[in-house]
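*Asks:* Next input, structure requested:
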Amino acid sequence: MRIAIIGQQDFGKAVMEAFLARGDEVAAVFCAPEKEGARPDALRAAAEERKIRVFQFKSLRAPEAAQALAEARADIGIMAFVLQFAPQEFVSIPTHGTIQYHPSLLPKFRGPSSINWPIIKGETETGLTIFRPSDGLDEGSVILQKKTPVGADDTLGTVYFDRLFPMGVDAMLEAADLVLAGKHKESVQDESCASYEGWCREGEARINWASHVDFIHNLIRGCDPAPGAWTTHKGEKLQLFGSKKHLVRTFGAVKGKIGEITSISAGSMSITAQGGQIEVSKGKLGSGKKVSPAELGIAAGTILGS
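*Replies:* Sure thing, here's the model as predicted:
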């Protein structure tokens, strides 16, 4: 098939390479312009290496974007990690329209941080959706979905890089084949089950040690490796990674005060929260590097977040 890739970064690159590897033709690549000083976009660089024409429009609403896609004469458009808004007059240009990847089980967790939030909210299952892009945010008809469990100690990194990334590449190939063969079904999303979550950024990633240990554990792993759940030590930002939780079910048996580091070693640091303790394996203090707890220079007995 002849395709147009609309995407960016490593996921967009992996999707493009998967289509090329099986003999499909990439007629054009559309990716957002890099911000000043940013690293070269991985998709753009890979496409240019292969002499594939690349377009970087500030907006896909621009008439020039529609003209470029029309001239590509694509059978289908493939949206792989797209943060730009793509209007209907753009996505409808390819012969068989356009399909888009979203890393959640739509209509749940619409929005830009859809991998973080299921983990933060304690979901035991997530997945991915290939759907038709519409003018609403992640609201288009569903073509296929794939599910994956979320384990008690899974992080954003393990869920995405180990599962949703490779599963997503395969799902884009599968969905494109179904659409071109006319064998796909499109299901309207059930709005009664819909949820939208905004960005998970620094403000959302701050730890409140008075929260229950379950919530703190989920927050740390849902922000691991990015944006990094954080607290403070002597007014300096301290990000925590590699969380495990230890529940204490006997009233009054929790060791230490809320937010207190009760033990620290080369491999772990334990901090008291409501209902138990959080054990973390890595920390990043201020502008320093991510290191083991013993390398942070923080003593047991310290109360974080105060």
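*Asks:* So which residues of the stretch 1-150 of the chain form helices?
*Replies:* With DSSP state H, counting those that start in this stretch as the criterion, the stretch 1-150 of the chain has helices at 9-21, 42-49, 63-72, 88-91, 116-120.
*Asks:* Could you list the domains of the chain?
*Replies:* 2-193, 213-296 (automatic domain parsing).
*Asks:* can you put those domains in JSON lines and add mean neighbour count?
*Replies:* C-beta coordinates here come from the backbone N, C-alpha and C atoms, glycine included. Formatted as JSON lines, the domains of the chain follow (neighbours: other Cβ atoms under 10 Å):
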{"stretch": "domain 2-193", "mean neighbour count": "18"}
{"stretch": "domain 213-296", "mean neighbour count": "18"}
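*Asks:* closest to residue 202 out of the ones you listed?
*Replies:* domain 213-296 (5.8 Å; Cβ to Cβ).
*Asks:* so where's the stretch 1-150 of the chain shaky on pLDDT?
*Replies:* Of all residues in the stretch 1-150 of the chain, none has pLDDT under 70.
*Asks:* sorry, back to before: any chance of the domains of the chain in TSV, plus distance to residue 304?
*Replies:* Listed next are the domains of the chain as TSV, based on distance: least, Cβ to Cβ, whole Å:
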stretch	distance to residue 304
domain 2-193	19
domain 213-296	5
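*Asks:* Quick one: closest of the ones you listed to residue 302.
*Replies:* domain 213-296 (4.9 Å).
*Asks:* how far does the closest one sit from the chain's center?
*Replies:* 22 Å (Cα atoms, centre = their mean, to the nearest Å).
*Asks:* would you put the C-alpha positions of the lengthiest helix in the chain in PDB?
*Replies:* When the chain is parsed with DSSP state H, its longest helix is helix 165-181. Extracted C-alpha coordinates of helix 165-181, given in PDB (Å, rounded to 0.1, in the frame of the first residue of the first chain):
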ATOM      1  CA  PHE A 165       4.800   0.700  22.000                       C
ATOM      2  CA  PRO A 166       5.400  -2.600  20.200                       C
ATOM      3  CA  MET A 167       1.700  -3.600  20.400                       C
ATOM      4  CA  GLY A 168       0.900  -0.200  18.800                       C
ATOM      5  CA  VAL A 169       3.200  -0.700  15.900                       C
ATOM      6  CA  ASP A 170       1.700  -4.100  15.100                       C
ATOM      7  CA  ALA A 171      -1.900  -2.700  15.600                       C
ATOM      8  CA  MET A 172      -1.300   0.100  13.100                       C
ATOM      9  CA  LEU A 173      -0.300  -2.500  10.400                       C
ATOM     10  CA  GLU A 174      -3.200  -4.700  11.300                       C
ATOM     11  CA  ALA A 175      -5.700  -1.900  11.200                       C
ATOM     12  CA  ALA A 176      -4.400  -0.500   7.900                       C
ATOM     13  CA  ASP A 177      -4.700  -4.000   6.300                       C
ATOM     14  CA  LEU A 178      -8.300  -4.300   7.500                       C
ATOM     15  CA  VAL A 179      -9.300  -0.900   6.200                       C
ATOM     16  CA  LEU A 180      -7.700  -1.400   2.800                       C
ATOM     17  CA  ALA A 181      -9.300  -4.900   2.500                       C
END
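*Asks:* Next SSE downstream of that helix?
*Replies:* Downstream of helix 165-181, the next assigned helix or strand under DSSP states H and E is helix 213-222.
*Asks:* what sits up against that next one?
*Replies:* Residues outside helix 213-222 that contact it (Cβ atoms under 8 Å, 6 or more residues apart in numbering): 116-122, 153-156, 200, 205, 207-209, 211, 229, 240-241, 243-247, 273-278, 280.
*Asks:* Done for today, thanks.
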